[in-house]
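Engineer: Fold the stuff below for me.
(one chain, ligands or ions: 1)
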Amino acid sequence: MVGMVSIVARELTKTFGDVVAVQGIDLTVTPGEFLVVLGPTGCGKSTLLRLLAGFEEPTSGTVLFDGVPVTEIDPRKRGIAMVFQNYALYPHLTVAQNIGFPLRAAPGPAPDIAARVSDVARTVGIADLLSRYPEHLSGGQQQRVAMARALIRHPAVFLLDEPLSNVDASARAALRGEIVALARRLAVTTIYVTHDQTEAMSMADRIAVLRLGVLHQVGPPVDVYADPDTLFVAAFLGMPRTSLLEAAVYAEAGRVVLDLGSQVLELPAGDPRTERLAEHHTERVTWVLRALPLEARDMTLRGTVRSVENLGHELLAHVDVGGVPSTRLDAPAPALRSVAASTSYGFYPAYDLVDGPPTGEVMVRVPVSAGVRIGAELDVGVGAADLLLFDRAGRRIRFAAA
Ligand SMILES: Nc1ncnc2c1ncn2[C@@H]1O[C@H](COP(=O)(O)OP(=O)(O)OP(=O)(O)O)[C@@H](O)[C@H]1O
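Structural biologist: Next up, the predicted model:
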């Protein structure tokens, strides 16, 4: 296949015995797009990538390249280039020989290998390393060689599976930008798999967030971050840090409060969210809170500074608001325990308590010049837009006004 290819997955499912690695995924990758598949380890990213490439037979569902079932296209004509976490270079071949290998191995007339090798080596920034052997290269350089080797046949589809995992941190940042630039320049449809949210956020045209084989959300990184559909997506995309607090909703006579157990937040009178939230009266919800700026807002959370991280350009205060943190999403569910309510509402249900006393910490961004002491009491402003709430099934509670 030549030129830019669209890749469509329809109701794609793959099981290995009892394990459902990929479950009912519908996904369209548009021609020339840079799509990042993001999710924790074991969520099915690699399996999805292999299915999309036609390397793996789906249990059910189909993959189409430009509308044609991928299994009906000769693998050599699919135009797929793939790069993995371990570069797998041939140790006894030079960089130039490694890069040129696919051309030498290909059937048909030999193209001008030397010219193409130096061309693609220049593209990935390793033109001066052509006579070296892999063992004399850094991890980042080895990955560039692997990319050059993948790209020398001018693929229509470029698949990368955690390509930067073995590259040290300093080289990783530079390579991220270069891979994106490369994919653009070559106008190739690219699918990039990672568990690293920073990579996903900085590289993708769109991200596809996967958990336990299920596609939770697809969209431009800024949209998915700002408007997560599920608790998992909200919690997974948290920078610099996300707090998950358990709360219960209480509604009476046109007012709604969120009860954190230690304190309550009341929605401002007349807030358009009141009515919608009242539908969850007495239900337990999870509140996902990104780091808040220290400023006065409609509502106030009161807490005690437990620790302070200096991020250089600002401070990140960990403020204990006495709430109950949600258990980590991947942790086994602990036994339910009741917590004695200290608010006047006192109605709230049993919480999944992690060991020890409740220490629901909220992150607060403080200017370095303002300073903040451990042990200080802080009033942290909360705006209605900060109410990123999820029901017990982990679904977003959406407000029409939001
Ligand atoms: N060939 C196989 N046989 C049996 N189970 C498999 C096979 N391949 C994958 N799995 C299982 O399917 C699930 C998804 O695996 P997959 O490798 O796709 O996840 P991943 O998100 O790429 O993980 P990682 O980031 O750790 O590479 C896992 O539970 C894994 O153990």
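Engineer: drop to CA atoms for contacts and neighbour counts, all remaining ones
Structural biologist: Fine.
Engineer: roughly how far apart are Gly323 and the ligand?
Structural biologist: 33 Å (Cα to the nearest ligand atom, to the nearest Å).
Engineer: That residue belongs to a strand, doesn't it?
Structural biologist: Yes. Secondary structure assignment places Gly323 in a strand (DSSP: H, G, I helix; E, B strand; the rest coil).
Engineer: In contact with Glu275, which residues?
Structural biologist: Neighbouring residues of Glu275 by Cα atoms under 8 Å, 6 or more residues apart in numbering: Gly254.
Engineer: Just the pLDDT for it.
Structural biologist: Looking at Glu275, its pLDDT stands at 88.
Engineer: Quick check on it: phi, psi?
Structural biologist: phi -60, psi -40 (degrees, to the nearest 10).
Engineer: go on, Leu160?
Structural biologist: Per degrees, to the nearest 10, the backbone of Leu160 is at phi -130, psi 130.
Engineer: ok now do the closest residue to the ligand within the stretch 101-250 of the chain, which residues does it touch?
Structural biologist: Relative to the ligand, the nearest point of the stretch 101-250 of the chain is His195 (6.3 Å; Cα to the nearest ligand atom). His195 makes contact with Leu38, Gly39, Pro40, Thr41, Glu162, according to Cα under 8 Å, 6+ apart.
Engineer: Show me which of those are buried.
Structural biologist: Leu38, Gly39, Pro40, Glu162 (16 or more other Cα atoms under 10 Å).
Engineer: re the thing from before, what's the closest of the contacts of His195 to the ligand?
Structural biologist: Thr41 (3.7 Å).
Engineer: roughly how far apart are the residue nearest to the closest one when sequence neighbours are not counted and Leu210?
Structural biologist: Sequence neighbours aside, His195 is the residue nearest to Thr41 in space, at 6.7 Å (criterion: Cα to Cα, 6 or more residues apart in numbering). With distances taken as Cα to Cα, to the nearest Å, His195 is found 10 Å from Leu210.
Engineer: and for those two, which residues touch both?
Structural biologist: Counting by Cα under 8 Å, 6+ apart, the shared contacts of His195 and Leu210 are Leu38, Gly39, Pro40.
Engineer: For those, give me a markdown table that also has secondary structure and pLDDT.
Structural biologist: Shown next, in a markdown table, are these (DSSP: H, G, I helix; E, B strand; the rest coil; pLDDT from 0 to 100):
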| residue | secondary structure | pLDDT |
| --- | --- | --- |
| Leu38 | strand | 95 |
| Gly39 | coil | 91 |
| Pro40 | coil | 87 |
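Engineer: so which of the residues you listed also contact the ligand?
Structural biologist: Subset of those in contact with the ligand: empty, counting by Cα under 6 Å from any ligand atom.
Engineer: ok, of the residues you listed, which one's closest to Ser202?
Structural biologist: Of all those, Ser202 sits closest to Leu38, with 12.2 Å by Cα to Cα.
Engineer: Can you show me the helices along the stretch 51-200 of the chain?
Structural biologist: Ranges of helices within the stretch 51-200 of the chain are 95-105, 113-123, 139-151, 169-185, 197-203, based on DSSP state H, counting those that start in this stretch.
Engineer: Quick check: which of those has the most neighbours on average?
Structural biologist: Ranked by mean neighbour count, the helices of the stretch 51-200 of the chain are led by helix 139-151 with a mean of 24 (mean count of other Cα atoms under 10 Å).
Engineer: how far off helix 169-185 does that one point, in degrees?
Structural biologist: 20 degrees (axes from the mean of the first three to the mean of the last three Cα atoms, to 10 degrees).
Engineer: Please identify the buried residues of stretch 120-135?
Structural biologist: Neighbour count says stretch 120-135 has Val120, Ala121, Thr123, Val124, Ile126, Ala127, Leu129, Leu130, Tyr133, Pro134 buried, by 16+ other Cα under 10 Å.
Engineer: hang on, I meant stretch 214-233
Structural biologist: Under the neighbour-count rule (16+ other Cα under 10 Å), stretch 214-233 has 214-219, 221, 224-225, 227-233 buried.
Engineer: try stretch 78-97
Structural biologist: The neighbour-count check on stretch 78-97 (16+ other Cα under 10 Å) flags 78-87, 89, 94-97 as buried.
Engineer: what's the lowest-pLDDT member of those?
Structural biologist: Across the buried residues of stretch 78-97, no position has a lower pLDDT than Tyr87, which has 74.
Engineer: So what does that residue have for phi and psi?
Structural biologist: The phi/psi pair for Tyr87 (degrees, to the nearest 10) is phi -70, psi -30.
Engineer: The ligand versus that one, what's the distance?
Structural biologist: With Cα to the nearest ligand atom as the criterion, Tyr87 and the ligand are 15 Å apart.
Engineer: Touching, that residue and Gly140? I think so.
Structural biologist: No. Using Cα atoms under 8 Å, Tyr87 is not in contact with Gly140, being 9.8 Å away.
Engineer: Leu289 bridge partners, please.
Structural biologist: Counting by DSSP bridges, Leu289 is bridged to Ser243.
Engineer: Distance of it relative to Val321?
Structural biologist: 12 Å.
Engineer: Follow the chain on from the helix or strand of the chain with the lowest mean pLDDT and name the next helix or strand.
Structural biologist: Counting by mean pLDDT, DSSP states H and E, the weakest-scoring helix or strand in the chain turns out to be strand 351-352, with a mean of 39. Using DSSP states H and E, the helix or strand that follows strand 351-352 in sequence is strand 360-367.
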